[in-house]
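1. the amino acid sequence is not available; the structure is as follows:
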């Protein structure tokens with residue numbers, strides 16, 4: 001390396017930081033972006049993920065990385081910045097090395113690792129992540145499926161992905177979808193109303209409110225509200241009643257115990273799992289949340305048609321369905337299930353809610369009792385190729401397990417379902433339509449000072465399914481080689497799910513884990 005002379009000493013000339021020189025497979029994209037914004041001497045906290053395939057094993061990789069860091073730090077000439085290694089945390093995580101390095105040192109570390117081992121694939125470093133700041137989110141469920149971590153580490157935000165929401169429509173005026181223009185589509189895509197004639201809609205609407213809530217979980221984002229102090233009028237109403245301020249998303253609710261479960265004034269933003277994904281509204285339910293199954297089948301047919309020559313729509317979310325009745329169809333063989341399977345075979349991911357009929361009354365010798373019910377998977381969740389999703393707690397799935405209402409397997413013909421579980425209890429998302437009007441009337445009757453509601457909480461497997469849709473959209477925006485390979489995608493997400501240690505017919509393969517799915521390939 002070239003040297004330059006200085007008064008009384010000679011020091012190595014450091015190369016200027018060049019983001020293009022960094023191996024994107026080694027340094028996470030958000031890390032490179034952060035390095036571009038940071039001055040050359042500033043230290044950045046990093047997490048170095050060790051290569052398990054390193055010839056000398058994980059221990060050897062750890063030793064090599066620490067050696068290289070110490071070598072780089074020795075060249076600083078400024079002992080006040082420390083050793084670079086965060087020894088306080090490193091002893092607890094053998095898979096990672098935590099450090100504070102300048103962007104030039106990060107670049108040099110990657111170069112030395114590749115140079116020493118003749119190729120990054122056999123180097124000691126698998127990945128360098130930003131040690132990003134942990135912050136609270138309005139939707140705890142975003143963290144539960146690790147969508148926030150995947151966005152920070154990989155930039156997995158759903159860019160370039162298009163997801164159809166077959167539901168009661170999407171409120172095109174809601175601010176949640178403005179930031180990333182989620183509802184702005186290009187030909188040949190268009191929003192459609194299958195409650196009516198199936199004709200294109202320039203401005204989608206949602207008379208009921210269910211579809212907008214579902215869509216807000218998949219994509220969209222409200223800009224950060226900023227920090228604000230509570231005002232005297234921000235006191236909660238009656239137990240279980242929300243108090244809503246006249247700003248986007250500013251609402252506060254209390255659970256059955258009277259404890260605050262959502263307080264936007266101390267939080268920053270509301271985001272879908274894949275905030276940048278595009279959404280296609282295919283309206284199949286009316287203002288009462290009902291519609292014939294033919295509406296669904298027509299909507300599926302539209303997706304097949306628009307994808308005939310090019311895959312414009314990558315996935316479909318079905319948070320709608322009906323109870324399976326074996327007297328009508330063999331399980332998984334109803335026309336709706338057949339169409340779902342056909343759609344999957346065409347190259348489109350289909351995510352379906354398992355249903356909310358997993359709890360009911362049984363008659364014993366001692367009388368009636370309430371209990372969980374098996375064999376309750378709804379159509380189209382019975383479709384073999386669909387990714388069928390049950391519900392769990394939004395922030396504590398390991399403690400509470402599978403939601404009592406979540407439909408449970410096996411299917412009527414003995415297959416394992418559901419496939420996965422995802423947050424489906426008190427999930428915060430967009431308020432619209434009749435559901436928005438309902439809550440605003442309650443506020444008005446209670447004499448609340450502010451009666452406008454932009455976000456509300458709902459429970460059900462309808463809320464769980466879009467978590468998986470959003471996670472897959474985020475995954476495909478990063479691992480584009482799997483676009484058009486829905487069965488491979490399903491295999492990846494099932495194999496990387498987190499086991500909640502519950503009955504297989506209750507939890508499926510477990511809780512969806514976006515971070516692990518990305519890292520598995």
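-> That came through fine. It should be emphasised that the depicted structure is a prediction, and the values quoted were computed from it without experimental measurement.

2. so where's the stretch 251-400 of the chain shaky on pLDDT?
-> Per-residue confidence for the stretch 251-400 of the chain (pLDDT under 70) gives these ranges: 251-268.

3. buried residues in stretch 438-449?
-> For stretch 438-449, the buried set under the neighbour-count rule, 16 or more other CB atoms under 10 Å, comprises 439, 440, 442, 443, 448. Every C-beta, even on glycine, is put in place using the N, C-alpha and C of the backbone.

4. wait, isn't the first one in contact with residue 452?
-> No - with contact defined as CB atoms under 8 Å, residue 439 and residue 452 do not form a contacting pair (10.0 Å).

5. what about the closest residue to residue 337 other than its chain neighbours, distance to residue 187?
-> Leaving aside its sequence neighbours, residue 337 sits nearest to residue 383 (CB to CB, 6 or more residues apart in numbering; 3.9 Å). From residue 383 across to residue 187, the span is 30 Å (CB to CB, to the nearest Å).

6. for residue 504, same thing?
-> Noted for residue 504: a distance of 45 Å to residue 187, by CB to CB.

7. who has more neighbours, these two?
-> Neighbour count, other CB atoms under 10 Å: between residue 504 and residue 187, residue 504 has more, with 12 against 6.

8. and the more buried one, what pLDDT?
-> pLDDT for residue 504: 96.

9. so it sits right up against residue 417, yeah?
-> No - with contact defined as CB under 8 Å, residue 504 and residue 417 do not form a contacting pair (10.1 Å).

10. need the overlap of contacts for those two.
-> Taking CB atoms under 8 Å, 6 or more residues apart in numbering as the criterion, residue 504 and residue 417 both touch residue 409.

11. doesn't the residue nearest to residue 337 lie inside a helix?
-> No - checked against DSSP: H, G, I helix; E, B strand; the rest coil, residue 383 lies outside a helix; its state is coil.

12. report the contact partners of it.
-> Contacts for residue 383 (CB under 8 Å, 6+ apart) come out as 332, 336, 337, 338, 340, 341, 344, 350, 352.

13. nearest to residue 484 among those residues?
-> residue 344 (10.9 Å; CB to CB).

14. wait, a strand at residue 115?
-> No - under three-state DSSP, residue 115 sits outside any strand and is assigned helix.

15. any idea which element residue 60 lies in?
-> Counting by DSSP states H and E, the element that carries residue 60 is helix 57-74.

16. so which other helices or strands are in contact with that helix?
-> strand 43-50, strand 96-102, helix 103-116 (3 or more CB pairs under 8 Å, 6 or more residues apart in numbering; DSSP states H and E).

17. return the most buried member of the ones you listed.
-> The highest mean neighbour count among the helices and strands packed on helix 57-74, using mean count of other CB atoms under 10 Å, belongs to strand 96-102: a mean of 22.

18. can you check what angle separates that strand from strand 43-50?
-> With axes from the mean of the first three to the mean of the last three CA atoms, to 10 degrees defining the directions, strand 96-102 sits at 150 degrees from strand 43-50.

19. other SSEs contacting strand 96-102?
-> Applying 3+ CB pairs under 8 Å, 6+ apart, one finds that strand 96-102 contacts strand 43-50, helix 57-74, helix 87-90.

20. wait, residue 280 sits on residue 163?
-> Yes - using CB under 8 Å, residue 280 makes contact with residue 163 at a distance of 7.1 Å.

21. just confirm residue 360 is within a helix.
-> No - counting by three-state DSSP, residue 360 is located in no helix; its state is strand.

22. show me what it is bridged to.
-> In this structure, residue 360 bridges to residue 371 when assessed by DSSP bridges.

23. that one: how many residues sit nearby?
-> Using other CB under 10 Å, residue 360 is surrounded by 11 other residues.

24. so it makes contact with residue 371?
-> Yes - Residue 360 lies in contact with residue 371 (CB under 8 Å); the separation is 7.2 Å.

25. flag the shaky bits of the chain, pLDDT-wise.
-> By pLDDT under 70, the weakly predicted segments of the chain are 1-25, 28-31, 33-34, 38-40, 77-83, 86-93, 117-122, 130-140, 223-268.

26. skipping adjacent residues, who's closest to residue 283 in space?
-> Distances taken as CB to CB, 6+ apart put residue 169 closest to residue 283, at 3.9 Å, once the chain neighbours are dropped.

27. so the one you found touches residue 206, yeah?
-> Yes - counting by CB under 8 Å, residue 169 does reach residue 206; the two are 3.8 Å apart.

28. anything in contact with each of those two?
-> Common neighbours of residue 169 and residue 206, counting by CB under 8 Å, 6+ apart, are 212, 281, 283, 433.

29. can you tell me which of the residues you listed is nearest residue 413?
-> The shortest gap between residue 413 and any of those belongs to residue 283, at 32.0 Å (CB to CB).

30. roughly how far does the closest one sit from residue 210?
-> The gap separating residue 283 from residue 210 is 11 Å, by CB to CB.

31. neighbour count winner among these two?
-> More crowded of residue 283 and residue 210, by other CB under 10 Å: residue 283, with 28 against 25.

32. partner residues bridging that one?
-> On the basis of DSSP bridges, residue 283 is bridged to residue 167, residue 193.

33. which residues are in contact with the helix holding residue 60?
-> For helix 57-74, contacts defined as CB under 8 Å, 6+ apart pick out 48, 50-52, 54, 56, 81-85, 94-95, 97, 99, 101, 105, 108-109, 112-113, 116, 124-125.

34. only the buried residues of it, if you could.
-> For helix 57-74, burial by neighbour count (16+ other CB under 10 Å) applies to 61, 62, 64, 65, 66, 68, 69, 72, 73.

35. so what are the sheet partners of the helix or strand harbouring residue 456 and their directions?
-> Assigned by DSSP H and E, residue 456 belongs to strand 455-458. Here strand 455-458 is paired, per DSSP bridges, with strand 427-430 (antiparallel).

36. and the strands in the stretch 201-350 of the chain?
-> Under the criterion DSSP state E, counting those that start in this stretch, the stretch 201-350 of the chain contains strands at 221-222, 243-244, 251-254, 260-263, 270-271, 278-283, 315-318, 349-353.

37. just to revisit the earlier point, what's the overlap in contacts for residue 280 and residue 163?
-> With CB under 8 Å, 6+ apart as the test, residue 280 and residue 163 both reach residue 313.

38. OK, contacts around the closest residue to residue 199 other than its chain neighbours?
-> Using CB to CB, 6+ apart and skipping the chain neighbours, the partner closest in space to residue 199 is residue 193 (6.6 Å). For residue 193, the contacting residues are 169, 199, 201, 283, by CB under 8 Å, 6+ apart.
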